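Asks: Could you work out the structure for the sequence below:
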Amino acid sequence: MTAPVNTQIQRFLLNERLIDGALACVTSSDNPNESVASLLECLGTTYQCSGVGLFEERASGDFGNTQEWCAAGVHSKMQHLQHVPAEALEAQAARGAALISLEWEGARDNGAMHGALYLDGAQKSDTEGCRSEVPANIIVKLLAATLAYRDELNLREENNTEDPLTGVSNRRGFYRFALRADPAECAGVICCELSGIRKANRHAGHGAGDAALKELAHMLLENFRRPWVFRMGSSDFLVCCPGVQEDLFNRRVGVLHGILQALEIPATVRTAWAADTQDGLEQLALQAMSASPRSLPSPTRHRHSHLWD
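Replies: I've put the predicted structure just below:
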């Protein structure tokens, strides 16, 4: 009776270690891709595989190897395993390859997502009990939940149009704004680049650089309509002015130049104006960003007055 009991205890302890390891994989990182990588390693070591590949179904109906784990000394095969037909995976399973099906909740209201785990070096017989064995079952369920969480984060990122530091719209917001622009309408674009941001970060820390970016963004929001202001890069802001005639646009750029000088904000101003945006507001923005810097006299006007009243 002693030997069977000891075997059961050893199996229980092994299962407990595997479950603890799988949970640690998920909770040790805020990055779902890192969690997936750790779970693949957990599966690979559990079944003593040479590699574990995650295949995800694409919109085209085929599958792509999106992540993998390889044992020491094993070369990656992921780049050669893209656009794999579903029939090819089914054929591998029919020949006895170890494939574990996956399903998780889609983040785009398009039903369940499907995928498969390919355990290289393992046989189908090794993993047939995966859904019933407690440790492996938990690993697979944790993997599916992590993939659903990853997709949800990606969707949030795609829908996010606000720069978290400054509160203005980001580059994605600009592209959405540009799609709604009337191509028959005139428009002006101001590119305002904060100078010396890297030097400030290097000598005074990133807090100083962040403070300078916030000050510039705040000034732009005080003087332009919020939907017109965008942060396009680390130190670049765009102000889009639809429907503004060229003479008024140039006067307002002069006012902006004066405010920057009065507030001693070290920024470079570049502009572009067009009678229409048939080529797209994005093209006009590119012209502004590549234009020569404007050097204009400072008009007399109160720093807090609105440029477009």
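Asks: where does the protein have low pLDDT?
Replies: Where the chain drops to pLDDT under 70, the residues are 1-5, 10-15, 107-110, 123-136, 200-201, 203-204, 206, 295-309.
Asks: Contact partners for the closest residue to G196 other than its chain neighbours?
Replies: Counting by C-beta to C-beta, 6 or more residues apart in numbering, G196 lies nearest to P266, which is 5.5 Å off, once chain neighbours are set aside. All C-beta spots, glycine's among them, are computed from the backbone N, C-alpha and C. Contact criterion C-beta atoms under 8 Å, 6 or more residues apart in numbering gives L194, S195, G196 as the residues in contact with P266.
Asks: now what about the longest strand anywhere in the chain, what contacts it?
Replies: For the chain, the strand with the greatest residue count under DSSP state E is strand 112-123. Under the criterion C-beta under 8 Å, 6+ apart, residues 40, 43-44, 47-57, 63, 65, 74, 77, 89, 92, 96-106, 126-127, 140, 143, 147-148, 151 lie in contact with strand 112-123.
Asks: try it again with 7 Å
Replies: Here strand 112-123 makes contact (C-beta atoms under 7 Å, 6 or more residues apart in numbering) with 43, 47, 49-57, 63, 89, 96-106, 127, 151.
Asks: List the buried residues in it.
Replies: Neighbour counts over strand 112-123 (16 or more other C-beta atoms under 10 Å) mark M113, G115, A116, L117, Y118, L119, D120, G121, A122 as buried.
Asks: what's the closest of those residues to A178?
Replies: Comparing the buried residues of strand 112-123 against A178 with C-beta to C-beta places M113 closest, at 31.2 Å.
Asks: Report the beta-bridge partner residues of that closest one.
Replies: Counting by DSSP bridges, M113 is bridged to W104.
Asks: State the distance from it to S76.
Replies: 24 Å (C-beta to C-beta, to the nearest Å).
Asks: just C70 next, same as before
Replies: In terms of C-beta to C-beta, C70 sits 6 Å off from S76.
Asks: The two: who's more crowded?
Replies: When C70 and S76 are compared for neighbours, C70 comes out ahead with 19 against 13, by other C-beta atoms under 10 Å.
Asks: how about the strands in this structure?
Replies: 51-57, 63-70, 97-105, 112-123, 187-194, 229-231, 236-242, 267-274.
Asks: Please find the angle between the direction vectors of the first one and strand 63-70.
Replies: Read it as strand 51-57. 160 degrees (axes from the mean of the first three to the mean of the last three C-alpha atoms, to 10 degrees).
Asks: Flag every buried residue along strand 51-57.
Replies: G51, V52, G53, L54, F55, E56, E57.
Asks: got it, and the second one?
Replies: Within strand 63-70, the residues that qualify as buried are F63, G64, N65, T66, Q67, E68, W69, C70, counting by 16+ other C-beta under 10 Å.
Asks: Domain ranges for the protein, per the record?
Replies: Here the domain parsing of the chain from automatic domain parsing is 2-158, 171-290.
Asks: What is the linear distance spanned by the shortest one between its boundary residues?
Replies: Read it as domain 171-290. Taking C-alpha to C-alpha, to the nearest Å, domain 171-290 runs 17 Å from one end to the other.
Asks: from the chain's centre, how far out does that domain sit?
Replies: From the chain centre to the centre of domain 171-290 is a distance of 24 Å (C-alpha atoms, centre = their mean, to the nearest Å).
Asks: Number the residues from 29 up from this point.
Replies: That works, and once the first residue is 29, the last one we named lands at domain 199-318.
Asks: Mind picking the two most distant members of the buried residues of strand 140-151?
Replies: M141 and G149 (26.3 Å).
Asks: nearest to P192, of the domains of the chain?
Replies: domain 199-318 (10.0 Å).
Asks: Pull up the gap between the residue nearest to G224 and F258, please.
Replies: Applying C-beta to C-beta to P294 and F258 gives a distance of 20 Å.
Asks: for E84, what are its contacts?
Replies: E84 sits next to F91, G92, T94, G143 when contact means C-beta under 7 Å, 6+ apart.
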